[in-house]
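K.L.:
below is the sequence, then the predicted model.
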Amino acid sequence: MIQIADLFTNQLFQVSEMKIAFYTSRIKGELLQEMPLGIGYIWAFLEKKAQEKGLDIEIVFCQTIDEILAQRPDILAVGCLSQSVDDAVNAMEQAKKDNSDIKIVMGGYHITLLPELLPKAADVAVLGEGEYTFYELAQLALIGKFGKEWFKHIKGICYEDNGRIVKTEPRDFIANLDSLPHPKREVYDYTGIVGVFTSRGCPYNCIYCSSQNFWKRKFRTHSADYVIDEIERMIELFNPHTIHILDDLFLADKKRFDDIYIKIIEKGINKKVAFRAFVRANLVDEDSVRKLKEMNFVLIRFGAETGSERLLKILKGGTVSIEDGQRTIDLCHKYNIPVSASFMFGVPGETRDDLQQTYDFLRKNKEKKFKIEGFYYFVPFPGTDIWKFAEKGGFVNNNTDFTKLNPMLCSMGVSKENAIYMNDTNIPFDEFKIMVEKIGREFSTTRFHRFLAFLMKNSVLRSIIVRGVRIHRRLRK
Ligand code: B12
Ligand code: SF4
């Protein structure tokens with residue numbers, strides 16, 4: 001295997017400058033909510049390497065296709081999730097049409113989990129963790145060797161060759177996450193909430209989750225010192241009112257959590273900023289909730305998914321129980337931290353009895369400081385066990401309209417053709433829809449959901465909204 005980095009030491013390249021444009025695809029009609037951290041990490045890593053090696057690389061972040069065309073980059077790097085792959089393909093096609101010499105690199109969840117669907121407009125895709133792989137591809141471009149005969153030397157990519165998709169040897173995960181620079185965030189105009197990712201991966205195996213398939217169930221963390229440094233820098237740069245910890249498993253490493261807790265209190269960071277985080281209910285105990293309160297956590301979110309023990313066991317492999325969810329709610333209530341959960345409906349195998357149990361769970365907790373983040377129609381994500389099940393059942397395939405994989409709120413009045421409903425044998429769709437919309441109306445607690453639920457109660461308004469959503473979807477297609 002050729003060490004691409006050696007090419008630099010051997011001075012085999014002559015290019016003096018290069019422009020790279022990053023683009024993150026978006027679900028139509030949705031605004032970019034924050035700086036995509038995946039791109040932010042790659043950007044910061046490239047900047048660091050360029051500085052070390054004295055390379056002249058200009059990097060820009062484009063929020064629209066027009067911006068890409070105006071920038072005329074040498075490399076277009078496009079990140080995308082499954083739900084917005086249509087936008088990614090459109091951006092890549094337009095960029096290629098405008099400049100046939102442009103080099104296009106794709107990356108992120110969708111292509112990593114479905115590499116066989118590499119779009120024609122993409123020259124190559126980075127599979128999995130992107131920092132080193134993208135840097136090596138950028139080096140190939142710098143030395144004028146960005147092509148199939150050289151791609152085979154790069155680990156962790158896929159590209160098309162003679163009509164078939166070639167996947168190179170997988171790349172090992174970065175062993176020491178602290179060796180990475182903090183992700184670039186300065187290109188985004190933050191107002192109030194800034195996100196941070198303090199670990200990568202998750203060892204659990206929930207049947208519906210892409211994250212564990214993407215990160216191969218390997219759990220790695222940044223050290224407490226690195227996290228505190230990053231938080232302090234975020235405060236300095238953006239003065240946020242809240243920092244959102246986006247990790248899958250922030251509480252998993254108790255020793256690290258305690259170290260972060262001690263440093264936040266010692267440095268008085270809890271006086272400058274509030275926090276919110278996702279947690280997994282089985283990892284929540286009284287000690288952690290007390291500490292979260294002291295650290296100024298103002299919101300804790302978790303995926304409750306269902307009120308049925310039977311169904312939860314299927315979804316999460318018996319690693320978390322309804323009692324864990326209840327304990328999380330009760331402890332947060334006791335320590336006065338608002339707690340918010342999301343639920344999914346329409347899981348294959350869900351029965352009327354399961355739905356009733358979810359209803360009972362919600363009723364029981366209605367009076368507590370317990371918000372509902374969302375009641376979502378269940379959709380299968382590529383790379384998961386449930387995706388394989390859906391494929392076997394003929395519900396999805398490689399030609400599926402991936403925009404349908406955007407989990408819709410039950411209050412949005414989804415129709416059967418817009419949903420991927422795999423549970424007709426247990427509960428016919430029409431009956432299911434009435435049941436979950438009722439739950440949505442009764443228990444939605446966020447202002448937006450409540451407002452929607454209120455509108456949906458009126459039959460005229462409901463039909464206008466439903467028609468609007470359908471027209472919107474048709475136009476999107
Ligand atoms: C934060 C977050 C969001 C944020 C920001 C998303 C963003 N673009 O960064 C918001 C709230 C906007 C969001 C929205 C949605 N999200 Co989201 N989100 C996450 C979350 C929790 C963390 C992402 C993150 O920052 N990771 C940290 C960085 C380091 O990792 P990374 O982004 O994967 O980046 C690395 C590689 O992927 C790669 N890479 C990434 N981009 C690129 C680009 C290029 C060019 C290259 C070469 C490489 C590359 O290199 C990076 C560095 O190593 C993940 C779960 C998770 N644990 O990853 C879900 C997750 C990505 N989201 C998911 C979903 C479903 C959604 C939504 C549909 C929301 C919904 N309704 O449920 C929308 C869709 C938005 C869209 N544009 O399509 C799913 C994706 C499933 C799938 N197969 O596509 C995930 C995996 C959750 C899950 N467990 O299933 N999300
Ligand atoms: S849903 Fe959460 S706990 Fe389950 S595998 Fe995914 S990231 Fe891990």
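P.N.:
Thanks, I have the structure now. Ligands and ions are numbered 1, 2, ... in the order given.
K.L.:
and this protein, which residues reach ligand 2?
P.N.:
202, 204, 205, 206, 209, 211, 212, 248, 280 (C-beta under 6 Å from any ligand atom). Using the backbone N, CA and C atoms, a C-beta is placed for each residue, glycine as well.
K.L.:
strands of the stretch 51-200 of the chain, residue ranges please.
P.N.:
Applying DSSP state E, counting those that start in this stretch to the stretch 51-200 of the chain gives strands spanning 57-62, 75-79, 103-107, 124-126, 157-161, 164-167, 193-196, 199-200.
K.L.:
please apply the same query to the stretch 201-350 of the chain.
P.N.:
220-221, 242-245, 274-278, 297-305, 339-345.
K.L.:
mind listing what's buried along the longest one?
P.N.:
Along strand 297-305, the positions that meet the burial threshold by neighbour count (16 or more other C-beta atoms under 10 Å) are 297, 299, 300, 301, 302, 303, 304, 305.
K.L.:
tell me which residues form a beta bridge with residue 277?
P.N.:
residue 245, residue 300 (DSSP bridges).
K.L.:
which phi and psi does residue 23 have?
P.N.:
phi -140, psi 140 (degrees, to the nearest 10).
K.L.:
that one against residue 71, yeah?
P.N.:
No. If you go by C-beta atoms under 8 Å, residue 23 and residue 71 don't touch, sitting 9.8 Å apart.
K.L.:
what about those two, which has more around it?
P.N.:
Neighbour count, other C-beta atoms under 10 Å: between residue 23 and residue 71, residue 23 has more, with 28 against 17.
K.L.:
picking up where we left off before, which of the residues of the chain next to ligand 2 are buried, as a PyMOL select command?
P.N.:
Of those, the buried ones can be selected in PyMOL as follows, counting by 16+ other C-beta under 10 Å:
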select buried, resi 202+204+206+209+211+212+248+280
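K.L.:
as TSV, the strands of the stretch 201-350 of the chain with mean pLDDT would be great.
P.N.:
Shown next, in TSV, are the strands of the stretch 201-350 of the chain (pLDDT from 0 to 100):
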stretch	mean pLDDT
strand 220-221	97
strand 242-245	97
strand 274-278	97
strand 297-305	96
strand 339-345	95
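K.L.:
using a markdown table, lay out those together with distance to ligand 1.
P.N.:
Below are those laid out as a markdown table (distance: least, C-beta to the nearest ligand atom, whole Å):
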| stretch | distance to ligand 1 |
| --- | --- |
| strand 220-221 | 11 |
| strand 242-245 | 8 |
| strand 274-278 | 7 |
| strand 297-305 | 9 |
| strand 339-345 | 9 |
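K.L.:
pipe those into CSV and attach distance to residue 61 per row.
P.N.:
Shown next, in CSV, are the strands of the stretch 201-350 of the chain (distance: least, C-beta to C-beta, whole Å):
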stretch, distance to residue 61
strand 220-221, 26
strand 242-245, 20
strand 274-278, 25
strand 297-305, 27
strand 339-345, 29
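K.L.:
can stretch 92-103 be found next to ligand 1?
P.N.:
No. Counting by C-beta under 6 Å from any ligand atom, ligand 1 has no neighbours in stretch 92-103; the shortest distance is 10.7 Å.
K.L.:
how close does residue 93 sit to residue 68?
P.N.:
Residue 93 is 11 Å from residue 68, where distance means C-beta to C-beta, to the nearest Å.
K.L.:
please say which of those two ends up with more neighbours.
P.N.:
residue 68 (24 against 16).
K.L.:
next up, the contacts around the more buried one.
P.N.:
21, 23, 62, 76, 91, 94, 95 (C-beta atoms under 8 Å, 6 or more residues apart in numbering).
K.L.:
once you drop chain neighbours, what's closest to residue 119?
P.N.:
Computed as C-beta to C-beta, 6 or more residues apart in numbering, the closest residue to residue 119 that is not its neighbour in sequence is residue 89, at 4.8 Å.
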